[in-house]
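Q: predicted model and sequence follow; I will ask about them next.
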Amino acid sequence: MPVPGGYSIKTYRYLRMAMVAMIVLLGAALVIEWSKTDPHCLQTSISAYYYTPVRAIFVGALITIGVCMVVLKGNTEPEDILLNVAGILAPVVALVPTPGQGRCHSVQMGISDAAANVSNNMGALFAIGAPCLVLTTIFVIRDRITNPDRWTPMYVLGLAVAVVLFGGGLAWFFADRDGFIGHAHYAAAIVMFACIVVVVLVNAEQFRRKQRKHAVAHSPANRYSVIALAMVLGPAAMVGWKALFGWDHAVLWIEGALILLFAAFWLSQTQELWNEGIRQDVPRSQATPSPLPSSARE
């Protein structure tokens, strides 16, 4: 009979692959919608496809990805906090539409009352977020009591970040509803993508230490460094091009590039950790070559 740990690894794999499936699902919906319009006509952002028949997939995929980010444990506490922040913000990006509806759509699906939609959906999100924060606080306190040797201040930091995000969003939602509807989408999207980029940078550093510790002969290139470099330089180049020459679809291509690079990162990390589940954190002081060749396979 398989050991219970085997089921945990399988569940972990399925959750990771579900995130990739959601990205592919969203991409397929976008391509199908594009095929029904003029080939030269594109919305100015992926978020603007909310106002097209892509809406259901856009909202569902982002919420699913957000849940997976929160549920999955990061390799390190900083990575876990960043994934949690990105996961908390993903539903906000989905539920608060971008103000620009765009002009490229096979069938326009406008919102009769955006304020009512945001009020209902974000109200529900805040309603479920409050008990989740309470439960998380209980788990952190219980873990501190039962496992004091494993407890670190990063637990408190992660909880504090979640409380600040939740409390700040809730206050903004009730104090300035019009401002929330007009700007929450952009604020959440920018922070979400920033967290994802930092997650890749953290993995690039951890993978470098892992390679140095094992000193594997003919060790492969640090794939995370390549992805991180593309995530930083690609959008920067696009922003520069837009500033110099103007480019209506800069946001669309920046979002698309970051999403594809995130999928590449997630697939690469899934392949690396297929049997391990979690990469063991390698402290900087231990990231020195081993005197004997390691048989570990990257």
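A: That came through, no problem.
Q: list the contacts of the most centrally placed residue in the chain.
A: In the chain, the residue lying closest to the centroid (C-alpha atoms, centre = their mean) is A86, at 4.7 Å. A86 makes contact with 66, 69, 191-192, 195-196, 199, according to C-beta atoms under 8 Å, 6 or more residues apart in numbering. Every C-beta, even on glycine, is put in place using the N, C-alpha and C of the backbone.
Q: repeat the analysis, applying 6 Å as the threshold.
A: 69, 192, 195-196 (C-beta atoms under 6 Å, 6 or more residues apart in numbering).
Q: try G234
A: Shown in contact with G234 (C-beta under 6 Å, 6+ apart): A257.
Q: what residues sit buried inside the helix or strand where it lies?
A: Remark: G234 resides in helix 223-245, with elements defined by DSSP states H and E. Residues of helix 223-245 classed as buried: 223-228, 230-231, 234-235, 238, 242 (neighbour count, 16 or more other C-beta atoms under 10 Å).
Q: what's the span of stretch 46-59 from first residue to last?
A: 12 Å (C-alpha to C-alpha, to the nearest Å).
Q: gap between it and the chain center?
A: 18 Å (C-alpha atoms, centre = their mean, to the nearest Å).
Q: now do stretch 6-14
A: Taking C-alpha atoms, centre = their mean, one finds the center of stretch 6-14 at 20 Å from the center of the full chain.
Q: same check on stretch 194-209?
A: The chain centroid and the centroid of stretch 194-209 are separated by 13 Å under C-alpha atoms, centre = their mean.
Q: over to stretch 22-29?
A: Chain-centre distance of stretch 22-29: 15 Å, with C-alpha atoms, centre = their mean.
Q: and it, average pLDDT?
A: Average pLDDT, stretch 22-29: 96.
Q: need the contact partners of that stretch.
A: For stretch 22-29, contacts defined as C-beta under 6 Å, 6+ apart pick out 54, 57, 61, 64-65, 263.
Q: just the C-alphas of it, formatted as CSV.
A: This file holds the C-alpha atoms of stretch 22-29, laid out as CSV (Å, rounded to 0.1, in the frame of the first residue of the first chain):
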residue,chain,number,x,y,z
MET,A,22,-5.6,27.7,-16.3
ILE,A,23,-3.0,29.7,-18.2
VAL,A,24,-3.5,27.6,-21.3
LEU,A,25,-7.3,27.8,-20.9
LEU,A,26,-7.1,31.6,-20.8
GLY,A,27,-4.8,31.7,-23.8
ALA,A,28,-7.1,29.4,-25.8
ALA,A,29,-10.1,31.7,-24.9
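Q: and that stretch, what's buried?
A: Within stretch 22-29, the residues that count as buried by 16+ other C-beta under 10 Å are 22-23, 26-27, 29.
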